[in-house]
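Visitor: Predicted model and sequence below, questions to follow.
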Amino acid sequence: MRGAFSFPQASGRAQALGEIHARPLRPLGPSRVVFQLAFMSESGSAAGSTMVSDMARQRGVPPPDDSTNHVALAWGQGTLRWERHTEFSTYSWDCPAPDTFFAPVGAHPFGAEFAPPGPFLSGARVEVRPEDEDIDKAIAMFDPVSLTISDLKAARATVVTDFRQDEDGLTRFLIIDRGMSDAMRGVICQRLLDIETYRTLATLGLELARQLSPDIARLEEQLTAVTHRMKEDVRHHADDLLREITRMSAELEANAALSLYRFGASRAYYTIVRERIAALGESGVPGREMLGAFLDRRLAPALRTCQAVEERQANLSRKMARATTLIRSWIDVELEKQNGALLRSMNRRVKLQLRMQQTVEGLSVAAISYYVVGLFSYLAKLQEATFGWPETSLATGAFVPVAIFGTWWVVRAIRRHHPVSDEDTD
């Protein structure tokens, strides 16, 4: 039965409406441990979905289709969740907290049978514990040098971490529960997991920036050397200089294309990290650094380094473009000079050909006159043989001036019909 408001759907409407429900928030009970692993999967997303499909079949659950970006499976005493993002995918699993803080847990889905879909990006372990007398012992397990403690008054919780990795390569977070609801526990836990994942992704551009810095410095030195050569004698070495700058520009653009996405992604991920930190609503604990201040103090310089390298690339590209324009100007001037010399040479050849043509025309008047006189002599002989007059020699001799003048007049008329003056050949 058709509803009262069943209209033709706009393209993409279903995807747009379903996006806010694509990754539903998970409520979390008290005294739980959440593990999350993130793997790069930009070129291996199929491997991630295949792994989830195999896990679903093992649990007797229908496997997800290729368009699914979120899957939740019951696993042991908790839930295994898989999420696919643009260039990474995450696997998270929760279980009851062990008796001892950060103690090993029993069976978990990340054992020997787990096949990672790509390179390991980040891992986190979040423990939610009620406030009791053993909390101080748990805090003592963190590195005091990088220890951060944030009080979340609105959430009625405290977050403790040192952003150090344990023997399993996981960053440990401790949430001290002072009466949170299940939904709030899930919200705080998800925000901490997002902060850990996205702050790792944000700093991926730093290593690339460090790799590109020596190349940029080398290209800057080479450009300086080229511009100094341009000041000395660019006319005779313009082609060599243009070839050198073209090679440098190609190398710079290749590096810029390599870093364009990574630097842009780092900025976007850093923005997400700051948004998640702001959403925590943290306040300071006397004598301790807050989580947000700690990350900002370390992430901001990394992002500024990436921005500085990106700006150096852009500035160097503009300098190379200006240098190329200058060299091309010299080359264009030289080409114009060569073209002018070529045109003058062609002009001289045309004038020479014209003089030769005029000479040939003069000779042709005599030649044509000779043939005309010869023809006339045959007519004179015919008249003499038929009528006995006039005398052939006398008539032929008298006709010679007439033939020469007539031929000269015809040639002159033809030349006047196609005039060519000296100005046309200057």
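Guide: Now that the structure is in, tell me what you want to look at.
Visitor: how close does Leu241 get to Ala314?
Guide: Taking C-beta to C-beta, to the nearest Å as the measure, Leu241 and Ala314 are separated by 22 Å. No exception for glycine: its C-beta is placed from N, CA and C like everyone else's.
Visitor: ugh, typo on my part, it should be Glu196
Guide: In terms of C-beta to C-beta, Glu196 sits 32 Å off from Ala314.
Visitor: circling back to that earlier point, who has more neighbours, Leu241 and Ala314?
Guide: Set Leu241 next to Ala314 and count neighbours by other C-beta atoms under 10 Å: Leu241 wins out with 21 against 12.
Visitor: Which helix or which strand is home to the more buried one?
Guide: helix 238-280 (DSSP states H and E).
Visitor: Next secondary structure element downstream of that helix?
Guide: Taking DSSP H and E, what comes next after helix 238-280 is strand 283-284.
Visitor: what's the angle from the very next helix or strand once past that following strand to helix 238-280?
Guide: Downstream of strand 283-284, the first helix or strand assigned by DSSP H and E is helix 291-387. For helix 291-387 against helix 238-280, the angle between stretch directions is 150 degrees (axes from the mean of the first three to the mean of the last three C-alpha atoms, to 10 degrees).
Visitor: Off-centre distance for the very next helix or strand once past helix 291-387?
Guide: Using DSSP H and E, the helix or strand that follows helix 291-387 towards the C-terminus is helix 392-417. Helix 392-417 sits 82 Å away from the centroid of its parent chain (C-alpha atoms, centre = their mean, to the nearest Å).
Visitor: Between helix 291-387 and helix 392-417, find me the angle.
Guide: 160 degrees.
Visitor: For helix 392-417, which helices and strands make contact with it?
Guide: helix 291-387 (3 or more C-beta pairs under 8 Å, 6 or more residues apart in numbering; DSSP states H and E).
Visitor: which regions of the stretch 101-250 of the chain sit below the pLDDT cut-off?
Guide: 133, 233-236 (pLDDT under 70).
Visitor: And the helices in it, which stretches?
Guide: Ranges of helices in the stretch 101-250 of the chain, per DSSP state H, counting those that start in this stretch, are 135-139, 182-202, 204-233, 238-280.
Visitor: could you give the angle of the last one to helix 204-233?
Guide: Helix 238-280 and helix 204-233 meet at an angle of 150 degrees, taking the same axes, to 10 degrees as the criterion.
Visitor: Ok, the second one next?
Guide: Counting by the same axes, to 10 degrees, helix 182-202 points 30 degrees away from the direction of helix 204-233.
Visitor: How far off centre is helix 182-202?
Guide: 30 Å.
Visitor: Check which helices and strands that helix sits against.
Guide: Looks like helix 182-202 contacts strand 32-40, strand 88-96, strand 120-130, strand 157-165, strand 171-177, helix 238-280, helix 291-387 (3+ C-beta pairs under 8 Å, 6+ apart).
Visitor: Then the shortest one?
Guide: Helix 135-139 makes packing contacts with strand 171-177 when contacts are defined by 3+ C-beta pairs under 8 Å, 6+ apart.
Visitor: what residues does the strand it packs on touch?
Guide: Residues from elsewhere that reach strand 171-177 (C-beta atoms under 8 Å, 6 or more residues apart in numbering): 30, 101-102, 122-131, 135, 138-139, 142, 156-166, 185, 188-189, 192, 196.
Visitor: Now, of those residues, which are buried?
Guide: 101-102, 122-129, 135, 138-139, 142, 156-163, 185, 188-189, 192, 196 (16 or more other C-beta atoms under 10 Å).
Visitor: So for stretch 59-72, mean pLDDT?
Guide: In this model, stretch 59-72 has a mean pLDDT of 74.
Visitor: Give the buried residues for that stretch.
Guide: Buried, per 16+ other C-beta under 10 Å, within stretch 59-72: Pro64, Asn69, Val71.
Visitor: can you put those residues in a markdown table and add distance to Leu204 and secondary structure?
Guide: Listed next are the buried residues of stretch 59-72 as a markdown table, based on distance: C-beta to C-beta, whole Å; DSSP: H, G, I helix; E, B strand; the rest coil:
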| residue | distance to Leu204 | secondary structure |
| --- | --- | --- |
| Pro64 | 28 | coil |
| Asn69 | 22 | coil |
| Val71 | 26 | strand |
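Visitor: Go through the residues you listed and say which is closest to Arg348.
Guide: Asn69 (77.9 Å; C-beta to C-beta).
Visitor: how far away is the closest one from Ser53?
Guide: 14 Å.
Visitor: how about the closest residue to Ala124 other than its chain neighbours, what does it touch?
Guide: Distances taken as C-beta to C-beta, 6 or more residues apart in numbering put Glu196 closest to Ala124, at 4.4 Å, once the chain neighbours are dropped. When contacts are counted by C-beta under 8 Å, 6+ apart, Glu196 is found next to Gln36, Ser122, Ala124, Thr171, Phe173.
Visitor: Put together JSON lines for those residues, with distance to Asn339 on each row.
Guide: Converted to JSON lines, the contacts of Glu196 look like this (distance: C-beta to C-beta, whole Å):
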{"residue": "Gln36", "distance to Asn339": "70"}
{"residue": "Ser122", "distance to Asn339": "64"}
{"residue": "Ala124", "distance to Asn339": "70"}
{"residue": "Thr171", "distance to Asn339": "69"}
{"residue": "Phe173", "distance to Asn339": "74"}
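Visitor: List just the nearest of the residues you listed to Trp408.
Guide: Ser122 (102.6 Å).
Visitor: so who does the closest one touch?
Guide: Applying C-beta under 8 Å, 6+ apart, the residues near Ser122 are Leu37, Ala38, Thr171, Glu196, Thr197, Thr200, Leu201.
Visitor: could you measure the residue positioned nearest the centre of the chain against Ala323, distance?
Guide: Nearest residue to the geometric centre of the chain (C-alpha atoms, centre = their mean): Ala257, 3.8 Å. Noted for Ala257: a distance of 21 Å to Ala323, by C-beta to C-beta.
Visitor: can you check Ala308 too?
Guide: 22 Å.
Visitor: If you count surrounding residues, which of those two has more?
Guide: The neighbour count for Ala308 versus Ala323, taken as other C-beta under 10 Å, is higher for Ala323 (20 against 13).
Visitor: Quick check: nearest residue in space to that one, chain neighbours excluded?
Guide: In space, Ala323 is closest to Ile245, 5.6 Å off (C-beta to C-beta, 6+ apart).
Visitor: Could you count how many residues lie near the one you found?
Guide: 23.
Visitor: Thank you kindly, that will do.
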